[in-house]
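J.: What follows is a predicted structure for the sequence shown.
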Amino acid sequence: MGNEGYVPLFETRRAKGTVLYRVFAASIFAGICLIWVYRLSRIPKEGEDGRFAWIGLLGAEIWFGFYWILTQATRWNRVYRHTFKDRLSQRYENELPGVDVFVCTADPTIEPPIMVINTVLSVMAYDYPPEKLSVYLSDDGGSELTYYALLEAAEFAKHWIPYCKRYKVEPRSPAAYFVTVSADAIDHHQAKDFWVIKKLYKEMENQIQNAVKLGRISEEVRSKCKGFSQWDPNSSRRDHDTILRILVRNPNSRDVEGCVLPTLVYLAREKRPKHHHNFKAGAMNALIRVSSNISNGQVILNVDCDMYSNNSMAIRDALCFFMDEEEGQEVAFVQFPQNFENMTKNDLYSNSLRVIYEVEFHGMDGYGGTMYVGTGCFHRRETLCGRKFIKGSKFDMKREISGQREESRIHELEENSRSLASCTFEENTQWGKEMGLKYGCPVEDVITGLSIQCHGWKSVYCNPTRKAFLGVAPTTLTQTLVQHKRWTEGDFQILFTKYSPAWYAHGKISFGLQLGYCCFCFWCSNSLATLFYSIVPSLYLLKGISLFPQVLFLCQNIHIFFCNL
Ligand SMILES: O=c1ccn([C@@H]2O[C@H](COP(=O)(O)OP(=O)(O)O[C@H]3O[C@H](CO)[C@@H](O)[C@H](O)[C@H]3O)[C@@H](O)[C@H]2O)c(=O)[nH]1
Ligand SMILES: [Mn+2]
């Protein structure tokens with residue numbers, strides 16, 4: 001398509017009120033400078049009371065001022081994206097790329113199988129050609145219960161997907177749907193189908209919950225369903241062979257209306273006590289390899305098992321960025337915000353992460369792209385595998401429907417994919433270093449995204465009005481502390497790695513983005529200054545020493561200032 005006729009698939013708008021914000025920020029900066037001047041010019045002499053505390057406060061104020069400057073990178077230049085999905089359909093409906101969705105789970109007790117399969121069902125029901133959609137469940141818990149739940153979900157999907165498509169249902173996680181939609185609000189044409197599907201769901205839920213209560217799979221079920229033979233009675237979750245089952249393989253499997261179903265795969269990668277499994281990053285890398293052999297979609301979406309799809313159009317939103325003729329070629333990943341459905345009324349611990357997702361990520365996007373935060377993110381497969389960005393090179397995403405596979409090939413496919421998820425596969429390879437997600441960092445996602453951007457790629461932040469994903473956030477203080485400790489520690493570590501945004505990234509990503517990353521990486525260092533600032537002045541007050549200017553002092557100065565005018 002020539003440039004003259006170019007009609008973009010998305011538009012980028014600057015945030016409203018930017019000028020006003022900048023004036024406001026400038027006034028704050030002036031205030032910060034005045035504080036610094038005040039503190040510096042009045043340091044108590046040696047031997048005077050409060051000298052130590054005064055210098056400490058000066059340090060803390062210099063830190064806060066510096067950190068405030070960093071945060072401006074995430075506020076100064078905010079942009080908002082808007083997609084044109086109708087244009088995408090008009091131009092590319094028959095040539096849409098393959099999309100592989102990875103759902104990660106790790107523990108059937110903390111992450112109940114019924115929640116996991118609700119997420120799986122929600123992504124299977126995306127508004128997308130099913131022959132181009134594949135869903136992979138990675139089970140690091142290697143649990144028969146999760147596998148059983150997935151088998152049940154594969155059956156239920158045959159009813160659920162046509163129901164969603166016929167009535168354009170949202171959200172497409174059945175559990176969330178039955179909670180949010182009340183039976184009275186259902187149109188009478190739909191009522192019969194609603195009750196039928198609800199009954200089917202409840203039956204499935206009961207079966208799964210019964211198995212979970214029992215803690216194992218009954219002999220009756222075991223003999224009926226294929227696949228359980230892969231669980232060796234002597235194995236454990238930390239010591240077992242790869243378990244790989246292709247449960248639904250299009251175009252062989254069809255729903256109750258005769259339409260093709262998305263491919264569905266269960267994978268529990270090999271685990272051995274002697275081999276480090278690298279947590280989620282290890283699971284993702286195994287998935288990248290296994291999926292390349294089975295469906296090889298050009299786009300990969302990954303979600304945590306507690307984050308269901310709440311917007312069936314999200315794939316199309318993401319593709320508007322990847323397939324845009326002018327700017328699409330440089331986009332490596334499209335990140336959606338993490339939104340949560342279990343927020344308490346006052347959100348005491350600020351777990352909704354509102355400022356991050358409603359303000360700061362829009363700010364980073366203005367400087368070349370947000371971070372990758374591990375869930376709700378669409379990647380180009382090739383970038384995730386380590387390909388660098390080469391200006392001017394065009395990679396074609398368009399793809400016709402792939403050739404059909406025979407039923408007999410499924411078994412063969414399972415067999416030759418299994419070794420890709422073995423413990424030894426990555427030995428002496430670049431996996432975990434230059435390929436796939438990076439190992440050795442508690443926030444594998446952030447460092448992976450940063451390295452992709454350092455290779456010349458851009459990323460995009462997409463935050464549509466209808467939230468794309470809804471998850472479960474921690475609610476108690478302990479859970480919150482554990483999560484924040486992991487995030488802040490991980491982000492801090494990145495500063496000292498090869499990908500440090502403070503120096504390595506210099507010249508590779510824009511300066512604004514560098515500052516934006518630093519803002520997150522220095523997050524934990526705030527604690528020291530905050531602790532000092534909140535504890536020491538109160539202690540000194542007990543001794544009768546004030547470390548702050550008195551109101552009288554301010555009034556006098558303002559008075560002198562105006563008298564001298
Ligand atoms: O060995 C493991 C450990 C975890 N997971 C999965 O990884 C996801 C995230 O783990 P979780 O313990 O829930 O961590 P959170 O703190 O909630 O995760 C947030 O922070 C992580 C680190 O930045 C990101 O990877 C996540 O996507 C993001 O949701 C979950 O789906 C787990 O099932 C695995 O697959 N294998
Ligand atoms: Mn989580």
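T.: Ah, there it is. Numbers count the residues shown, from 1 in each chain. Ligands and ions are numbered 1, 2, ... in the order given.

J.: Helix, strand, or coil at the residue of the chain at minimum distance from ligand 1?
T.: Residue of the chain nearest ligand 1, by CB to the nearest ligand atom: residue 374 (2.5 Å). Backbone N, C-alpha and C define where each C-beta goes, glycine included. Secondary structure state of residue 374, per DSSP: H, G, I helix; E, B strand; the rest coil, is coil.

J.: what's the answer for the one 4 residues further on, then?
T.: Assigned state for residue 378: strand (three-state reduction, three-state DSSP).

J.: Would you check that it makes contact with residue 298?
T.: No: the pair residue 378 / residue 298 is not scored as a contact, 10.5 Å apart, by CB atoms under 8 Å.

J.: hey, what's in contact with both of the two?
T.: With contacts taken as CB atoms under 8 Å, 6 or more residues apart in numbering, residue 378 and residue 298 have residue 99 as neighbours in common.

J.: Counting neighbours, go ahead and name the busier of those two.
T.: Counted by other CB atoms under 10 Å, residue 378 and residue 298 do not tie: residue 378 has more neighbours, with 27 against 20.

J.: what residues are up against that one?
T.: So residue 378 contacts 99, 299, 300, 301, 315, 318, 322, 333, 334 (CB under 8 Å, 6+ apart).

J.: which SS class is the residue lying closest to residue 446 once chain neighbours are set aside?
T.: The shortest distance from residue 446 to any non-neighbouring residue, by CB to CB, 6 or more residues apart in numbering, is to residue 371 (5.2 Å). Under the three-state scheme (three-state DSSP), residue 371 adopts coil.

J.: Show the model's pLDDT score for residue 371.
T.: Here, the pLDDT recorded for residue 371 equals 97.

J.: Now the phi/psi pair for it, please.
T.: phi -80, psi 170 (degrees, to the nearest 10).

J.: Residue 490 versus that one, what's the distance?
T.: 12 Å (CB to CB, to the nearest Å).

J.: Among the two, which residue is more densely surrounded?
T.: Neighbour count, other CB under 10 Å: between residue 371 and residue 490, residue 371 has more, with 28 against 19.

J.: surely the more buried one meets residue 521?
T.: No: using CB under 8 Å, residue 371 is not in contact with residue 521; the gap is 10.4 Å.

J.: Pull the number of nearby residues for residue 149.
T.: Residue neighbour count, defined by other CB under 10 Å, stands at 28 for residue 149.

J.: ok, now residue 483?
T.: 14.

J.: Okay, and it sits in which element?
T.: In the assignment (DSSP states H and E), residue 483 maps to helix 477-494.

J.: Which positions within that helix qualify as buried?
T.: Across helix 477-494, burial judged by 16 or more other CB atoms under 10 Å covers 480, 484, 487, 488, 490, 491, 492, 493, 494.

J.: and if you look at stretch 245-261?
T.: Of all the residues in stretch 245-261, those buried under the rule 16+ other CB under 10 Å are 245, 246, 247, 248, 249, 250, 252, 253, 255, 260, 261.

J.: try stretch 137-157
T.: 137-154, 156-157.

J.: Report the contact partners of the most centrally placed residue in the chain.
T.: By CA atoms, centre = their mean, the chain has its centre lying nearest to residue 375, at 2.3 Å. Going by CB under 8 Å, 6+ apart, residue 375 touches 302, 303, 304, 307, 338, 469, 471.

J.: Once you drop chain neighbours, what's closest to it?
T.: Beyond its immediate neighbours in the sequence, the residue positioned closest to residue 375 (CB to CB, 6+ apart) is residue 304, lying 4.4 Å away.

J.: One more: residue 113?
T.: Residue 113 sits nearest to residue 149 (CB to CB, 6+ apart), 3.5 Å away.

J.: Up against ligand 1, what does the chain have?
T.: With CB under 6 Å from any ligand atom as the criterion, the chain comes near ligand 1 at residues 104-106, 111, 138, 140, 279-280, 283, 304-305, 374-375, 443, 445, 483.
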